[in-house]
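Visitor: No letters, just coordinates:
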């Protein structure tokens with residue numbers, strides 16, 4: 001390791017010399033970047049966990065590596081990265097990569113317990129001693145870690161821990177959509193669903209990064225939540241004014257014509273100022289909605305299916321169609337979805353409200369649904385089974401049409417204006433209107449009189465039995481059964497959505513999404529479930545890792561990166577840890593070592609017990625022999641005396 005340490009110990013005295021293009025120091029700095037970058041990359045490759053022998057190798061590296069030189073090298077890369085000439089010569093990426101690789105080397109050595117720094121807190125203290133805490137913080141901000149199930153042909157599989165840098169972040173809206181809509185039926189289903197979602201999430205991250213890197217878009221998209229709440233507050237204020245300030249003009253009293261309301265003169269100024277602000281904010285929010293979701297807009301599914309069928313017919317003689325309909329995901333947005341249509345209508349209502357003195361601001365209050373999860377579920381309870389409700393409505397209209405035809409044929413003379421209702425049946429269309437109008441809102445049978453003048457006729461069995469059948473059947477079929485079926489579908493769907501959400505919440509709290517190991521195992525045998533899903537098996541870090549692999553050349557992939565990249569291309573989930581985690585494996589190893597130590601101690605104790613037993617037997621045997629000798633001597637002396 002001496003050559004490595006010597007290279008790492010080389011330090012530049014003045015980075016500002018890079019500002020002078022004519023200076024020969026730039027070539028020197030360029031060589032520094034190349035050589036030091038190669039050294040830290042070599043160390044990173046050597047510490048790559050691809051076999052059980054990596055731990056031994058890491059301890060050997062850590063025992064002789066100059067850690068302070070690695071920190072100073074990381075600091076050098078960080079300072080060079082921000083210099084204008086470095087950026088102009090496109091060396092800033094090399095500096096950033098070298099800085100991150102140096103950080104990864106230090107973190108790997110800490111995890112292997114190969115250096116005297118035990119954790120990242122002590123690493124920060126060491127960095128402060130070397131005045132490179134700024135570089136260390138920059139690395140920590142963009143650093144992520146995951147665990148990979150790695151196996152080679154003929155080798156024992158291992159759980160490898162990987163550290164990698166990635167700056168971009170997923171939108172909170174996208175993560176929430178995935179969290180609550182991804183398939184959680186089994187561990188394989190969860191892993192498969194996450195891999196299937198990676199292309200869409202990758203597209204989202206790249207699009208959001210591109211927007212943020214645009215100077216115009218960065219301030220335009222900032223503080224989105226604040227703007228949404230401000231727009232909602234502005235909508236509420238305008239509607240409060242509408243509620244308490246508007247009055248009916250004197251000339252319109254008693255008429256049913258559409259009119260523009262009266263309000264005090266002072267409110268004209270307030271109304272147009274607030275209305276203009278509302279229109280501006282509405283336009284901003286709607287444009288932002290389309291900009292953010294642009295990569296995810298999709299046509300209705302039947303359009304893609306129709307195109308696939310047409311393409312199949314066109315290419316029938318050319319070996320078949322090559323067109324594949326795009327796979328719709330939970331983060332995709334339909335062009336004709338409820339949210340898209342509402343955003344457009346919201347802007348239209350804001351424009352019309354300003355033109356017609358605020359009549360349409362009441363519709364803008366529905367914007368409260370956008371940021372309210374409970375109201376979204378209520379809306380979903382209606383839209384989820386939309387087709388069922390649609391066909392049930394069609395059936396209801398058919399049934400009502402049957403009753404309208406019966407009314408037109410037999411009860412046309414009884415459809416008259418009364419104190420309770422205005423029934424019309426001069427033609428079938430009027431009969432249909434009357435049945436629809438009063439059949440769904442009231443008891444139609446009670447509203448239809450027996451006589452045109454409203455008097456009670458003499459009882460006639462045929463007439464009264466026919467009316468009895470008509471009225472009761474209408475009440476049972478339409479009012480009782482039909483409407484209750486509609487309400488039942490909506491209530492059952494809402495209950496189903498609530499149970500589904502509770503099930504997802506339970507799954508999130510009780511199992512790791514990646515490895516499917518129960519949470520109590522981590523609470524009992526490791527450092528806790530929350531730390532595990534945040535640091536070890538963070539599902540979003542696996543998405544970031546796929547993006548990180550895309551950002552580097554295939555030729556620069558190391559063994560693990562190549563292994564994961566090839567599996568991802570095949571949509572294979574074999575690289576995910578399955579019912580295993582490194583922290584639990586270490587715990588199992590510790591338990592095994594304790595058991596082994598107990599066996600050795602027991603064996604040693606058994607040896608000493610046997611030795612002590614043999615010693616005691618030997619002493620007893622000696623005492624027995626001594627006693628026998630004394631007895632024999634006593635007997636021989638007695639014989640001699642006699």
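Guide: Thanks, I have the structure now. Keep in mind that this is a model prediction, so the values were computed, not measured. Numbers count the residues shown, from 1 in each chain.

Visitor: how about the helix or strand encompassing residue 310: buried residues?
Guide: Under the criterion of DSSP states H and E, residue 310 resides in helix 301-314. Using 16 or more other C-beta atoms under 10 Å as the burial criterion, the residues of helix 301-314 that qualify are 304, 311. All C-beta atoms are positioned from the backbone trio N, CA, C, and that covers glycine.

Visitor: ok, then the element right after that helix?
Guide: Taking DSSP H and E, what comes next after helix 301-314 is strand 333-334.

Visitor: on that earlier part again, counting contacts, what elements does the helix holding residue 310 pack onto?
Guide: With contacts defined as 3 or more C-beta pairs under 8 Å, 6 or more residues apart in numbering; DSSP states H and E, helix 301-314 has no packing partner among the helices and strands.

Visitor: quick one: low-confidence parts of the stretch 301-450 of the chain?
Guide: For the stretch 301-450 of the chain, the stretches flagged by pLDDT under 70 are 317-323.

Visitor: if we go to 80?
Guide: In the prediction, the stretch 301-450 of the chain carries residues with pLDDT under 80 at positions 301-302, 304-305, 307-309, 311-327, 371-373, 383, 418-420, 443, 445, 450.

Visitor: can you pull out the helices in it?
Guide: Secondary structure of the stretch 301-450 of the chain (DSSP state H, counting those that start in this stretch): helices at 301-314, 338-355, 361-364, 373-383, 386-410, 428-439, 444-447.

Visitor: Residue 64 is nearest to which of those?
Guide: helix 373-383 (55.9 Å; C-beta to C-beta).

Visitor: quick one, that closest one and helix 386-410 angle?
Guide: Using axes from the mean of the first three to the mean of the last three C-alpha atoms, to 10 degrees, the interaxial angle of helix 373-383 with respect to helix 386-410 works out to 50 degrees.

Visitor: related to what we said a few turns ago, format the helices of the stretch 301-450 of the chain as JSON lines; extra columns: distance to residue 83.
Guide: Written out in JSON lines, the entries for the helices of the stretch 301-450 of the chain read as follows (distance: least, C-beta to C-beta, whole Å):
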{"stretch": "helix 301-314", "distance to residue 83": "50"}
{"stretch": "helix 338-355", "distance to residue 83": "45"}
{"stretch": "helix 361-364", "distance to residue 83": "51"}
{"stretch": "helix 373-383", "distance to residue 83": "47"}
{"stretch": "helix 386-410", "distance to residue 83": "59"}
{"stretch": "helix 428-439", "distance to residue 83": "77"}
{"stretch": "helix 444-447", "distance to residue 83": "84"}
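
Visitor: Nearest to residue 503, out of the ones you listed?
Guide: The stretch from these with the least distance to residue 503 (C-beta to C-beta) is helix 373-383; that distance is 14.0 Å.

Visitor: From the contact counts, what lies against the closest one?
Guide: helix 483-510.

Visitor: Please identify the buried residues of the helix it packs on?
Guide: By neighbour count, and taking 16+ other C-beta under 10 Å as the criterion, the buried residues in helix 483-510 are 489-490, 493-494, 497.

Visitor: hmm, back to that, of all the helices of the stretch 301-450 of the chain, which one is nearest residue 629?
Guide: Residue 629 lies closest to helix 373-383 among those, at 98.9 Å (C-beta to C-beta).

Visitor: contacting residues around the closest one?
Guide: 338, 368-369, 389, 490-491, 493-494, 497-498, 501 (C-beta atoms under 8 Å, 6 or more residues apart in numbering).

Visitor: Now do the end-to-end distance for stretch 418-426.
Guide: 16 Å (C-alpha to C-alpha, to the nearest Å).

Visitor: Quick check on the closest residue to residue 357 other than its chain neighbours: phi, psi?
Guide: By the measure of C-beta to C-beta, 6 or more residues apart in numbering, the closest residue to residue 357 outside its immediate chain neighbours is residue 260, 5.2 Å from it. When quoted as degrees, to the nearest 10, the phi and psi of residue 260 stand at phi -90, psi 130.

Visitor: Wait, residue 260 touches residue 356, no?
Guide: Yes. With contact defined as C-beta atoms under 8 Å, residue 260 counts as touching residue 356 (6.9 Å).

Visitor: Tell me the spacing between the residue minimising distance to the centre of the chain and residue 284.
Guide: The centre of the chain sits closest to residue 175, judged by C-alpha atoms, centre = their mean, with a distance of 2.5 Å. Going from residue 175 to residue 284 by C-beta to C-beta, to the nearest Å gives 24 Å.

Visitor: Likewise for residue 72?
Guide: Applying C-beta to C-beta, the value for residue 72 to residue 284 is 48 Å.

Visitor: and residue 421, what does it touch?
Guide: Contact analysis of residue 421 by C-beta under 8 Å, 6+ apart lists 438, 442, 447.

Visitor: tell me which of those residues is nearest to residue 159?
Guide: When the contacts of residue 421 are ranked by distance to residue 159 (C-beta to C-beta), residue 442 comes first, at 69.2 Å.

Visitor: Next, count neighbours for the closest one.
Guide: Residues lying near residue 442 (other C-beta atoms under 10 Å) number 13.

Visitor: May I have the phi/psi pair for the residue nearest to it when sequence neighbours are not counted?
Guide: Of all residues beyond its chain neighbours, the one nearest residue 442 is residue 421 (7.2 Å), with distances taken as C-beta to C-beta, 6+ apart. Backbone geometry at residue 421, expressed as degrees, to the nearest 10, gives phi -160, psi 160.

Visitor: ditto for residue 329
Guide: Per degrees, to the nearest 10, the backbone of residue 329 is at phi -120, psi 170.

Visitor: which one of the helices of the stretch 301-450 of the chain lies closest to residue 196?
Guide: Taking C-beta to C-beta as the criterion, residue 196 comes closest to helix 301-314 out of the helices of the stretch 301-450 of the chain, the separation being 16.6 Å.

Visitor: chain center to the closest one: distance?
Guide: Taking C-alpha atoms, centre = their mean, to the nearest Å, the mean C-alpha location of helix 301-314 is offset from the chain mean by 32 Å.
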